[in-house]
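In: structure for this input, please:
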Amino acid sequence: MKKNDQSNFYKYFIFIPIIMLFGALGQWPYGYFILLRWVVTAGAIIVTLNAFDKNIDWAKVLFVFIAILFNPIAPIHLPREVWVPLDVIVGVLFVFAYLRVIARK
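Out: As a prediction, this is how the structure comes out:
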């Protein structure tokens with residue numbers, strides 16, 4: 001994959017975790033939240049790799065933490081009352097990361 005194609009993939013892929021995180025506010029079967037963990041973890045890894053590539057320290061730390069928090073391999077179990085605000089906060093952080101990390105030249 002060429003560098004430009006890869007960059008375009010990241011720009012479009014990053015919207016999937018954003019939409020899913022805000023969509024998590026609804027009532028979904030448990031399978032949605034398992035898929036959400038995979039998608040958010042993948043998105044956090046993409047942001048982290050871009051942050052390393054562009055040397056953006058705050059994004060490196062923050063999105064490694066998000067990848068650990070949402071990881072589907074060794075899940076962290078929290079009550080829904082905790083996950084709802086976390087989903088919104090992480091969704092906003094992904095929007096911010098899109099503007100400051102992914103879309104940045």
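
In: was I right about R104 contacting K54?
Out: Yes: contact criterion CB atoms under 8 Å: R104 and K54 qualify, at 6.2 Å. Glycine gets a C-beta too; all of them are placed from N, C-alpha and C.

In: what packs against the lengthiest helix in the chain?
Out: Within the chain, and with DSSP state H defining each element, the longest helix by residue count is helix 30-54. Where contact means 3 or more CB pairs under 8 Å, 6 or more residues apart in numbering; DSSP states H and E, helix 30-54 is packed against helix 3-13, helix 15-23, helix 57-70, helix 80-97.

In: ok, and what's touching the longest one?
Out: Among residues not part of helix 80-97, those counted as contacts by CB atoms under 8 Å, 6 or more residues apart in numbering are 14, 17-18, 21-22, 24-25, 33, 36, 40, 43, 47, 59, 62-63, 66, 69-70, 78.

In: okay, and for the chain, where does confidence drop off?
Out: Judged by pLDDT under 70, the chain has its weakly predicted residues at 1-7, 105.

In: roughly how far does K60 sit from W38?
Out: From K60 over to W38 the distance is 21 Å, taken as CB to CB, to the nearest Å.

In: more neighbours: those two, which one.
Out: When neighbours are counted by other CB atoms under 10 Å, K60 and W38 differ, and K60 comes out ahead with 18 against 15.

In: would you enumerate the residues in contact with that one?
Out: Residues touching K60, when contacts are defined by CB under 8 Å, 6+ apart, comprise 48, 51-52.

In: show me which of these are buried.
Out: Burial by neighbour count, 16 or more other CB atoms under 10 Å: within the contacts of K60 this picks out 48, 51.

In: closest to A74 out of the contacts of K60?
Out: Closest approach to A74 among the contacts of K60 (CB to CB): T48, at 17.8 Å.

In: contact partners for the closest one?
Out: By CB under 8 Å, 6+ apart, the contact set of T48 is 59-60, 63-64, 67.

In: need those in a markdown table (columns: distance to A74).
Out: Supplementary listing: the contacts of T48 in a markdown table, determined by distance: CB to CB, whole Å:
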| residue | distance to A74 |
| --- | --- |
| A59 | 23 |
| K60 | 21 |
| F63 | 18 |
| V64 | 15 |
| A67 | 12 |
